[in-house]
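K.L.:
Show me the folded form of this:
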Amino acid sequence: MGITDFISPKACGKPVHEVIKELTDGGVDYSFECSGNVDVLREAFVSTHDGWGLTVVLGIHPTPRMMPLHPMELFDGRRITGCTFGDFKGKSQLPLLVDQCMQGEVKINFDGFITHEMPFSEINEAFRLLEEGKSLRCVLRL
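P.N.:
I've put the predicted structure just below:
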């Protein structure tokens with residue numbers, strides 16, 4: 001249940017997915033993409049096994065580019081899904097979590113998620129930091 005091989009794309013003489021398919025006899029069962037790069041997403045997807053491979057996109061991609069997949073690539077049994085916040089369901093699960101935190105049943109260091117505090121007048125700077133990946137959460141003071 002750990003890393004068995006490391007593949008450097010710069011050291012390959014061919015696309016990474018071809019190397020992975022050779023190493024795994026047809027492709028991996030699961031691939032996870034967490035870089036936010038749609039080209040890496042494509043490599044992760046085509047690295048999965050025909051018939052049952054699953055690619056999980058973790059997090060939110062920073063740019064509004066479309067996924068580089070042809071619809072026919074989904075008809076061979078490969079699947080792709082997304083997961084944000086560990087698949088936490090904000091609408092149905094957040095009220096219970098808030099109640100548990102307020103009652104002291106669950107202890108979460110929410111302050112650790114705040115990376116910046118700024119006056120509201122610097123909202124554009126806050127968005128810039130977020131888009132550049134330099135901020136996780138910014139609290140804006142009025």
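K.L.:
Chain neighbours aside, what residue packs nearest to the residue nearest in space to the middle of the chain?
P.N.:
Within the chain, the residue whose C-alpha comes closest to the C-alpha centroid is Leu58; the distance, by CA atoms, centre = their mean, is 1.9 Å. Beyond its immediate neighbours in the sequence, the residue positioned closest to Leu58 (CB to CB, 6 or more residues apart in numbering) is Cys34, lying 4.1 Å away. Where you see a C-beta, it was placed from the backbone N, CA and C, and this is true even at glycine.
K.L.:
re earlier: distance check, the residue nearest to the centre of the chain against Gly112.
P.N.:
Remark: distance between Leu58 and Gly112 (CB to CB, to the nearest Å) = 20 Å.
K.L.:
just Val98 next, same as before
P.N.:
Between Val98 and Gly112 the distance is 17 Å, computed by CB to CB.
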